[in-house]
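> Predicted model and sequence below, questions to follow.
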Amino acid sequence: MKLLLLFIASIIVNNFVLSYFLGICPFIGVSKRLDSAVPMGFAVTFVMTMTAVITWIINQLILLKLNMPYLQYVAFILVIASLVQFVEMFLKKFIPSLYKAFGIYLPLITTNCAILGLALLEALKNYNFLESIVFGVGSGLGYTLSMAIMAGIREQLELSNIPKPFENAAITLITAGILALAFMGFSGMIAL
Amino acid sequence: MSILFSTILMGSIGLIFSIFLVIANKKFHVEVDERITKIEEALPGVNCGGCGFASCSNYAEAIVTKGSKLNMCVVADSETLAKLGEIMGVKVEKGEKKIAVVMCRGDREAAKFPGIYKGIKDCAAAIYSSDVAKRCKYGCVGLGSCVAACPFDAIHISEHGIPIVSIEKCTGCGNCVEACPRNLIELHPVSQKIHVYCKSKDPGAIYKTVCTNACIGCGLCVKAATNDNNPDAIKVSDNLAVVNYDNYKLKKEYIEKCPTGAINFEQNVK
């Protein structure tokens, strides 16, 4: 039951983009079209899950055992960078179609602060192994959800009559703000 | 002491990861034909889709792996083609340049508009949702779906409300052809300068009620062509003059008698 709650909480209540404000850069940059926003979301989900697993191992079995939690930041960045590299190689060899679909977004994830945020939050909240996986998958899906919502809205905006001063970046930021306000309605629903 | 420990720890973690990555790189190495990257670099890289492939890199891959023809890129100039030929070791000849031609002259002065359309700025949406976009059921509604589709900035709505194609910028990629919900844009070689700038199949009365630049199907052009021993050049069907593009023989003299100016010389281009 706790795992289910954690899953839902990480998708909706503690949505990475709209309540933690992490990973805003691709959220604004890649959300212009639905058919590129959703693959980006899934790429992030994939990397988040892998990161959650490996950083948990590194953090719990190495850093905390040796009493060196101050190395978390450096170690996690190292893990994420090499993980994304590895995932890229793996996909290129075994699932070329998926590799092509991800395209530029996969290397982009290396510099996505949502991934580092996930690893640090997971260490901060002291999740066990299973919880970490659920947290990773849930956060990734939450990211995908917010990307999809944003891209859907922006596709509609393309066809609307927007006043000149509000075109492009301005209306996008306003939309993101209103979305974040809407997601505030979920806050406090699940306390974890 | 702790500095030393952490340095050693981070160093060893980094070393393990890098060894792991090196092994992975060797193991998962994918042979990529060098020519694909070379061709991709030589191609214009605008991803317009004019060749029939989704992107320039897809086309480059098709050239090498599937043996697609080298002259399919509509954007490439002779220099690029020469480079492609050099990479693949064959000689390439370029076909004649085609440009987009907008087959409508129903601008704001000629065509009648029953009302003012204020909905979303998209041609398909305007046609689908209301009749006020234009009285003519065949003509251009002038909301610029083709302009938005053009990757080369070659097509613009003129001050009279009809798209104007720039001969220099247009590459004939055909994105606007697909974007036009009324199928008014066609690709034709630059040397063919005379076209019937109307698609209306309604009878001749439309001249008074719908558009003063419409083709009314009078057949004067057909008569002129027949008198010049060229009966195949143009024919009238469904109240509309249709040019025979398979065997293009239109001459300037045939169109001089056109009462409405629907058949014209180099309209909608600049």
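Here it is on my side, so go on.
> for chain B, what are the nearby residues on chain A?
With CB under 8 Å from any CB of the partner chain as the criterion, chain A meets chain B at residues A:58, A:62, A:66, A:68, A:70-71, A:74-75, A:78-79, A:82, A:85-86, A:89-90, A:92-94, A:96, A:159-161. Heads up, the C-betas are built off the backbone N, CA and C, glycines and all.
> for the longest helix seen in chain B, the distance to its chain's centre please.
As assigned by DSSP state H, the longest helix anywhere in chain B is helix B:2-27. How far helix B:2-27 lies from its chain's middle: 53 Å, per CA atoms, centre = their mean, to the nearest Å.
> cool, and stretch B:201-219?
Taking the mean of its C-alpha atoms, stretch B:201-219 sits 28 Å from the chain's own mean (CA atoms, centre = their mean).
> What residues of that stretch count as buried?
Along stretch B:201-219, these residues count as buried under the neighbour rule (16 or more other CB atoms under 10 Å in any protein chain shown): B:202, B:206-207, B:210-218.
> Look at the nearest residue to residue B:201 once chain neighbours are set aside and say how many residues are nearby.
Nearest residue to residue B:201 in three dimensions, chain neighbours excluded: residue B:238, at 4.2 Å (CB to CB, 6 or more residues apart in numbering or on different chains). Number of residues near residue B:238 (other CB atoms under 10 Å in any protein chain shown) recorded here: 10.
> ok, residue B:238 to chain A distance?
For residue B:238, the distance to chain A equals 34 Å [CB to the nearest CB, to the nearest Å].
> I figured that residue was touching residue B:199, is that so?
No. The pair residue B:238 and residue B:199 does not pass the contact test of CB atoms under 8 Å, sitting 10.2 Å apart.
> Who are the contact partners of the residue nearest the centre of chain B?
Geometric centre of chain B, nearest residue: residue B:174, 2.1 Å, by CA atoms, centre = their mean. By CB atoms under 8 Å, 6 or more residues apart in numbering or on different chains, the contact list for residue B:174 reads B:49-50, B:74, B:100, B:187.
> give me phi/psi at residue B:185?
Per-residue torsions, residue B:185: phi -100, psi 130 (degrees, to the nearest 10).
> And the contacts of the lowest-mean-pLDDT helix or strand in chain B?
Lowest on mean pLDDT, DSSP states H and E among the helices and strands of chain B sits helix B:206-209, with a mean of 74. Outside helix B:206-209, the residues within contact range by CB under 8 Å, 6+ apart are B:112, B:135-136, B:200, B:214, B:216, B:260.
> try stretch A:45-52
Residues contacting stretch A:45-52 (CB under 8 Å, 6+ apart): A:76, A:79-80, A:83-84, A:87, A:106, A:109, A:114-115, A:118-119, A:122, A:132-133, A:135-137, A:139-141, A:143-144.
> and chain B, which residues reach chain A?
Residues of chain B lying near chain A (CB under 8 Å from any CB): B:2, B:5-6, B:9-10, B:13-14, B:17-18, B:20-21, B:24-25, B:28-30, B:120-122, B:125.
> Quick check on the nearest residue in space to residue A:123 that is not next to it in sequence: phi, psi?
Closest residue to residue A:123 apart from its sequence neighbours, by CB to CB, 6+ apart: residue A:59 at 4.9 Å. Main-chain torsions, residue A:59, degrees, to the nearest 10: phi -70, psi -50.
> shouldn't residue A:59 be in contact with residue A:71?
No. Between residue A:59 and residue A:71 there is no contact under CB under 8 Å: 9.5 Å.
> who has more neighbours, these two?
residue A:59 (23 against 19).
> Now do the contacts for the more buried one.
Shown in contact with residue A:59 (CB under 8 Å, 6+ apart): A:69, A:72, A:75-76, A:119, A:122-123.
> quick one: it and chain B, what's the gap?
As defined by CB to the nearest CB, residue A:59 lies at a distance of 12 Å from chain B.
> what about the chain, any weak spots by pLDDT?
Because you didn't say which chain, this covers chain A. Judged by pLDDT under 70, chain A has its weakly predicted residues at A:191-192.
> hm, I was asking about chain B
Ranges of chain B meeting pLDDT under 70: B:92-95, B:130-133, B:266-268.
> In it, mark out all the strands, start to finish.
B:98-102, B:155-157, B:163-165, B:185-189, B:194-196, B:234-237, B:240-243, B:263-265 (DSSP state E).
> which one's the longest helix in chain A?
helix A:129-158.
> Helix or strand: which one has residue A:81?
If you go by DSSP states H and E, residue A:81 is part of helix A:72-94.
> Tell me the spacing between residue B:171 and residue A:150.
33 Å (CB to CB, to the nearest Å).
> Thought residue B:119 was touching residue B:129, still the case?
Yes. Counting by CB under 8 Å, residue B:129 touches residue B:119, with 5.9 Å between them.
> Before I go, just wanted to say thanks for your time.
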